[in-house]
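> next one to model:
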Amino acid sequence: MPASRILLNAIALFCFSLIGLALYLQHMVDMLPCPLCVIQRYAFLVTGLFCLLAASTMRVKTWAAAALVGALAGLATAAKHVHLLANPGLSCGIDPMETMLNKWPTAVYMPALFQADGLCEDAADLIYGYSIPQWSLLAFGMITLVLVYILVRKRH
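Next comes the predicted model:
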């Protein structure tokens, strides 16, 4: 199996594992997801699915580029979330974005995964000194770097 396919499978596993961790924190530790958290879940899911497609088809670069778009969307969302936490006067709070997200079919049929019930400011709980959005930003950053590497490297 070529190295790029191994990396793509590893990214997919990483993304799905992070969604599993988010579900654990939500249901076992009672950390409710805010709208930005839910958008990051969508980004991890999209990135992971496109990485699986890239690893299993002949169009590796095409699907890896689609995964990169998902990772960049997640990176931007996580950066916004970190910015909100760093500036306490700002809030995503109960806003139209939450209402819109909770009306999507995925949120209606899978509320345990995609329903936004929390506030963005509540994501300040620390794990090893960093908040969940900071860890998410780091994860999306690493995924982005690996996907860019896959896309720009030449085959031998």
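
> what is the least confident helix or strand in the chain?
Across the helices and strands of the chain, mean pLDDT, DSSP states H and E gives its lowest value to helix 96-103, namely a mean of 71.

> mind giving me the packing neighbours of the helix or strand immediately after that helix in the chain?
Per DSSP states H and E, the first helix or strand lying C-terminal to helix 96-103 is helix 105-109. Under the contact criterion of 3 or more Cβ pairs under 8 Å, 6 or more residues apart in numbering; DSSP states H and E, helix 105-109 touches helix 111-114. From N, CA and C alone the C-beta is placed, and that goes for glycine too.

> my guess is A66 contacts F50, does it?
Yes - contact criterion Cβ atoms under 8 Å: A66 and F50 qualify, at 4.4 Å.

> how about Y128, phi and psi?
Backbone torsions of Y128, given as degrees, to the nearest 10, read phi 50, psi 40.

> the helix or strand hosting L138 packs against which elements?
If you go by DSSP H and E, L138 is part of helix 132-152. Applying 3+ Cβ pairs under 8 Å, 6+ apart, we find helix 132-152 packed against helix 3-27, helix 35-56, helix 60-86.

> distance to Y149, mean pLDDT and mean neighbour count for those - can I get that in CSV?
Below are those laid out as CSV (distance: least, Cβ to Cβ, whole Å; pLDDT from 0 to 100; neighbours: other Cβ atoms under 10 Å):
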stretch, distance to Y149, mean pLDDT, mean neighbour count
helix 3-27, 8, 92, 17
helix 35-56, 13, 93, 23
helix 60-86, 10, 92, 19
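
> tell me which of those sits nearest to M100.
Among the helices and strands packed on helix 132-152, helix 35-56 comes nearest to M100, with 8.5 Å by Cβ to Cβ.

> now the closest one against helix 60-86, angle please.
160 degrees (axes from the mean of the first three to the mean of the last three Cα atoms, to 10 degrees).

> give the other helices and strands that helix 35-56 contacts.
Applying 3+ Cβ pairs under 8 Å, 6+ apart, one finds that helix 35-56 contacts helix 3-27, helix 60-86, helix 96-103, helix 111-114, helix 132-152.

> touching, A55 and A3? I think so.
No - contact between A55 and A3 fails when scored by Cβ under 8 Å: they sit 11.2 Å apart.

> for stretch 109-122, list every residue counted as buried.
Neighbour counts over stretch 109-122 (16 or more other Cβ atoms under 10 Å) mark L113, F114, Q115, A116, G118, L119, C120 as buried.
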